[in-house]
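Engineer: Return a 3D structure for these sequence lines:
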Amino acid sequence: MEKQNSNSLDREELLNRVEHDEELAREILGIFQTDSAANRDSLRVAVESRNADEVRSLAHGFKGMLANLSANSASASAGSLETLGKEGKANEFAAAWQAFDNELSSVLKEVEQMLAGAIQ
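Structural biologist: This next block holds a predicted model:
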């Protein structure tokens with residue numbers, strides 16, 4: 001299912017946050033791209049092992065990183081997973097993980113495109 005707005009992150013908002021410094025934006029995107037791979041695997045493992053504390057902690061980290069990138073939908077999805085972790089609702093982790101992982105995949109795809117070409 002394709003969203004009507006194909007942008008997973010708000011590029012203009014991201015550029016505003018870095019005062020239109022494309023080099024800084026690229027640096028931030030590159031760090032996110034690198035860090036997200038290991039964190040994504042760790043979160044998946046925490047979800048599969050139903051570790052509520054770890055899910056809460058890792059999802060909280062993603063929520064902040066994604067908010068900083070202006071990836072608002074993915075950040076909200078991470079927030080939902082964080083809340084489930086706080087509430088210990090392990091039986092709901094799998095569905096929330098799938099939704100978050102789909103959002104994250106879209107963000108990572110867009111980050112890759114932005115790093116390969118122009119930020120704007």
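
Engineer: CA atoms for contacts and neighbours, from now on please.
Structural biologist: OK.

Engineer: Send me stretch 86-94 as PDB with only the CA atoms.
Structural biologist: Taking C-alpha atoms only, stretch 86-94 is exported to PDB below (Å, rounded to 0.1, in the frame of the first residue of the first chain):
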ATOM      1  CA  LYS A  86       6.200   0.700  28.800                       C
ATOM      2  CA  GLU A  87       2.900  -1.000  29.300                       C
ATOM      3  CA  GLY A  88       4.300  -4.500  28.900                       C
ATOM      4  CA  LYS A  89       1.900  -5.400  26.100                       C
ATOM      5  CA  ALA A  90       4.200  -8.000  24.500                       C
ATOM      6  CA  ASN A  91       1.300  -9.700  22.700                       C
ATOM      7  CA  GLU A  92       0.900  -6.500  20.700                       C
ATOM      8  CA  PHE A  93       4.600  -6.100  19.800                       C
ATOM      9  CA  ALA A  94       4.600  -8.100  16.500                       C
END
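
Engineer: Quick one: distance of it to the chain centre.
Structural biologist: Distance of stretch 86-94 from the chain centroid (CA atoms, centre = their mean, to the nearest Å) equals 19 Å.

Engineer: which residues touch it?
Structural biologist: The contact list for stretch 86-94, computed with CA atoms under 8 Å, 6 or more residues apart in numbering, reads Val47, Glu48, Arg50, Asn51, Ala52, Asp53, Arg56, Leu81, Leu84, Gly85.

Engineer: Can you report how many residues neighbour the last one?
Structural biologist: In other words, Gly85. Using other CA atoms under 10 Å, Gly85 is surrounded by 26 other residues.

Engineer: Surely it touches Leu58?
Structural biologist: No: Gly85 lies out of contact with Leu58 (CA atoms under 8 Å); the separation is 9.6 Å.

Engineer: So which of the contacts of stretch 86-94 is the closest to Asp10?
Structural biologist: Nearest to Asp10 among the contacts of stretch 86-94 is Leu81, at 21.7 Å by CA to CA.
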